[in-house]
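K.L.:
My questions are about this predicted structure, shown below with the sequence.
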Amino acid sequence: MIKLENLTKSFWVKGERKVVIDDLSLTLPSGKSLALLGRNGAGKSTLLEIISGTLHADSGRVLSDGTISWPVGLAASFHGDLTGAENVRFIARIYGVDTDSLVEFVGEFAELGRSYDMPMRTYSSGMRSRLTFGASMGIKFDTYLVDEVTAVGDRAFRKKSQQIFTERMQSSSAILVNHTMAEVRKFCNAGVVLEGGKAEYFDDLEEAIALHDKILG
């Protein structure tokens, strides 16, 4: 269970305060793979970062009775001057998992070759996504936060990513941001629609998609 209590987040844009999340209160149940839907700029990635703790809200709080991943696909939690392998070692220590096992798993999964031992600032966006996705899938979380990353790489890598994500969903929950409805229907069984700083939960995924389509016009 993840409980959002009176969350507000705003940013200053060209001298004006833009409210992205507006006094949002919502309870997300355990055991669900949730699609987080909303138009571009609605605040989906911002909400994922707040839930993970990598971004602070202006006010309000997030409560959870389980472990939550960082937003997979967003490399903000990783240091650009460290190599990919060094970042994975650091992550392993932070989350208390076996360092050597995680480094080996990510090295094989992400298919970075010699780049694994190069600074992450030299990585392309796809390489960063493969590394962060691999690191997250290598740790057993109760809830995975995933931002578009199942579409990264060639067909073989996408298939591998989708397979391991499906395996993790047998025992974990997820909040997934993806603009492709075929992917949403494949991986999710419930939905949340974010609009105007507010969010509505739907136990029926198709109802969430219908509202999302209506918002988009």
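P.N.:
Received the coordinates, thanks.
K.L.:
number of nearby residues for the closest residue to I215 other than its chain neighbours?
P.N.:
Nearest residue to I215 in three dimensions, chain neighbours excluded: E195, at 5.6 Å (Cβ to Cβ, 6 or more residues apart in numbering). To be clear about C-beta, it is placed using only N, CA and C from the backbone, and glycine gets the same treatment. For E195, the neighbour count with other Cβ atoms under 10 Å is 15.
K.L.:
what's the answer for T27, then?
P.N.:
T27, neighbours per other Cβ under 10 Å, totals 11.
K.L.:
ok, it touching I2?
P.N.:
Yes: with contact defined as Cβ atoms under 8 Å, T27 and I2 form a contacting pair (7.4 Å).
K.L.:
Now do the helices in the chain.
P.N.:
44-52, 84-95, 99-110, 125-137, 155-168, 181-187, 205-216 (DSSP state H).
K.L.:
Save the ones you listed as TSV, and put in mean pLDDT and mean neighbour count too.
P.N.:
Converted to TSV, those look like this (pLDDT from 0 to 100; neighbours: other Cβ atoms under 10 Å):
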stretch	mean pLDDT	mean neighbour count
helix 44-52	94	23
helix 84-95	95	19
helix 99-110	96	18
helix 125-137	88	23
helix 155-168	86	14
helix 181-187	90	16
helix 205-216	96	15
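K.L.:
wait, which of the ones you listed is closest to S59?
P.N.:
With respect to S59, and counting by Cβ to Cβ, the nearest of the helices of the chain is helix 44-52 at 11.1 Å.
K.L.:
Contacts made by the closest one with the rest, please.
P.N.:
2, 4, 7, 9, 20-21, 24, 36-38, 55-57, 62, 68-71, 74, 76, 145, 147, 175, 177, 194, 199 (Cβ atoms under 8 Å, 6 or more residues apart in numbering).
K.L.:
Tabulate the helices of the chain in a markdown table, adding columns for distance to E16.
P.N.:
Shown next, in a markdown table, are the helices of the chain (distance: least, Cβ to Cβ, whole Å):
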| stretch | distance to E16 |
| --- | --- |
| helix 44-52 | 17 |
| helix 84-95 | 36 |
| helix 99-110 | 40 |
| helix 125-137 | 29 |
| helix 155-168 | 39 |
| helix 181-187 | 33 |
| helix 205-216 | 23 |
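K.L.:
Can you say which of the ones you listed is nearest to M118?
P.N.:
Of the helices of the chain, nearest to M118 by Cβ to Cβ is helix 84-95, at 7.2 Å.
K.L.:
Tell me what angle the closest one forms with helix 125-137.
P.N.:
Calculated by axes from the mean of the first three to the mean of the last three Cα atoms, to 10 degrees, helix 84-95 forms an angle of 30 degrees with helix 125-137.
K.L.:
What is helix 84-95 packed up against?
P.N.:
helix 99-110, helix 125-137 (3 or more Cβ pairs under 8 Å, 6 or more residues apart in numbering; DSSP states H and E).
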